[in-house]
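> Need a 3D model of the following:
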Amino acid sequence: MQTRSGVRAALAAAFPHTIPIMAGFLFMGTAFGVYMNLSGFSPVYGILMSVFVFSGTAQFIGVSLLIGAFDPVGALVLMLMTGARHLFYGLAMLDRYSESGWKKPYLIFAMCDETFSINCTVDPPQTVDRSWFMFFVSLLDQLYWIAGTIIGSLFGSLLPFDAEGLDFVMTALILVLFLEQLKKEKNYLSAGIGVAVSVLCLVLFGADRFLLPAMVAILLLLFLFRPQLEKGGAVQ
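Have a look, this model is predicted:
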């Protein structure tokens with residue numbers, strides 16, 4: 001049983017790592033709240049989506065699906081395509097989440113790009129329980145997004161908000177975390193597969209269609225080379 005002081009220590013260790021994400025999620029969550037507001041939805045709907053969906057891409061797409069023609073099959077396929085990258089996240093976090101107990105369902109639910117990047121790359125202090133550290137990273141990131149949604153939903157019509165170019169903040173953050181993880185790796189095979197296949201698919205299929213075939217090809221190659229990756233220490 002983790003003591004209260006141990007839980008507080010995990011929260012204190014997790015918070016500094018989430019500060020850059022807080023800045024991005026507050027703005028992006030506000031943008032989503034404004035979008036919901038301008039689309040004619042009550043603030044309650046936007047807040048509930050951020051609580052029970054918590055996926056920026058899915059939430060923005062979901063607004064257009066809600067106001068568009070009823071097409072459940074198309075919506076399902078679209079959401080699977082936009083969220084297929086989480087297959088890789090799940091594979092990478094199998095070992096780390098295996099001993100998290102009752103926290104595991106929430107860790108799986110709340111795993112977004114930014115949360116995955118921290119939980120996958122950051123090692124908490126030896127005195128801090130890893131499962132509690134990952135739990136607080138996940139919880140704090142979602143709370144930032146919910147807070148932004150509340151701001152945008154309630155006060156969006158009063159705010160002179162311009163989100164142009166803001167989405168690149170998250171892209172830059174992911175790139176930095178990827179480079180940080182790359183520095184720790186002893187075996188660059190998995191990173192090489194990801195970069196090479198992505199570039200090849202981009203050339204073959206174009207910017208609008210490369211994502212899905214790239215993810216499928218990467219997944220197959222990672223399974224194929226799993227023995228070499230595990231031997232070289234690339235799979236954690």
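> From here on, just use CA atoms for contacts and neighbour counts.
Fine.
> quick one: least confident helix or strand in this structure?
helix 167-184 (a mean of 63; mean pLDDT, DSSP states H and E).
> Just give the nearest non-adjacent residue to Leu139, would you?
Ala110 (7.4 Å; C-alpha to C-alpha, 6 or more residues apart in numbering).
> residues near that neighbour, how many?
22 (other C-alpha atoms under 10 Å).
> ok, now Gly62?
By other C-alpha under 10 Å, the residues close to Gly62 number 18.
> And Ile67, by the same measure?
Per other C-alpha under 10 Å, the neighbour tally for Ile67 reads 11.
> From the chain's centre, how far out is the strand or helix carrying Pro20? Work that out for me.
Per DSSP states H and E: Pro20 is located in helix 4-38. Using C-alpha atoms, centre = their mean, to the nearest Å, the mean C-alpha position of helix 4-38 is found 12 Å from that of the whole chain.
> I'd like to know which elements that helix is packed against.
The contact analysis (3 or more C-alpha pairs under 8 Å, 6 or more residues apart in numbering; DSSP states H and E) places helix 4-38 against helix 43-52, helix 56-67, helix 130-155, helix 167-184.
> Would you mark the buried spots in the longest one?
Of the residues in helix 130-155, those buried by neighbour count under the rule 16 or more other C-alpha atoms under 10 Å are 130-154.
> pLDDT below threshold where in this structure?
1-2, 81-82, 84, 156-174, 176-178, 180-182, 184-187, 229-236 (pLDDT under 70).
> let's go with 50 and repeat that
Scanning the chain with the threshold set as pLDDT under 50 gives 166, 233-236.
> still on that earlier bit, which stretch among the helices and strands packed on helix 4-38 comes nearest Asn119?
The minimum distance between Asn119 and those falls on helix 130-155, with 5.8 Å, by C-alpha to C-alpha.
> What is the neighbour count of Val63?
Using other C-alpha under 10 Å, Val63 is surrounded by 17 other residues.
> wouldn't it be in contact with Met36 here?
Yes: Val63 is within contact range of Met36, at 6.9 Å (criterion: C-alpha atoms under 8 Å).
> how about Cys145, what does it touch?
Slight slip there: residue 145 is Trp, not Cys. When contacts are counted by C-alpha atoms under 8 Å, 6 or more residues apart in numbering, Trp145 touches 22, 25-26, 28-30, 50, 54.
> Now render the residues you listed as JSON lines, adding neighbour count and distance to Ile193.
Output for the contacts of Trp145, formatted as JSON lines (neighbours: other C-alpha atoms under 10 Å; distance: C-alpha to C-alpha, whole Å):
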{"residue": "Met22", "neighbour count": "22", "distance to Ile193": "31"}
{"residue": "Phe25", "neighbour count": "26", "distance to Ile193": "30"}
{"residue": "Leu26", "neighbour count": "22", "distance to Ile193": "34"}
{"residue": "Met28", "neighbour count": "23", "distance to Ile193": "31"}
{"residue": "Gly29", "neighbour count": "28", "distance to Ile193": "33"}
{"residue": "Thr30", "neighbour count": "28", "distance to Ile193": "36"}
{"residue": "Ser50", "neighbour count": "23", "distance to Ile193": "33"}
{"residue": "Phe54", "neighbour count": "22", "distance to Ile193": "29"}
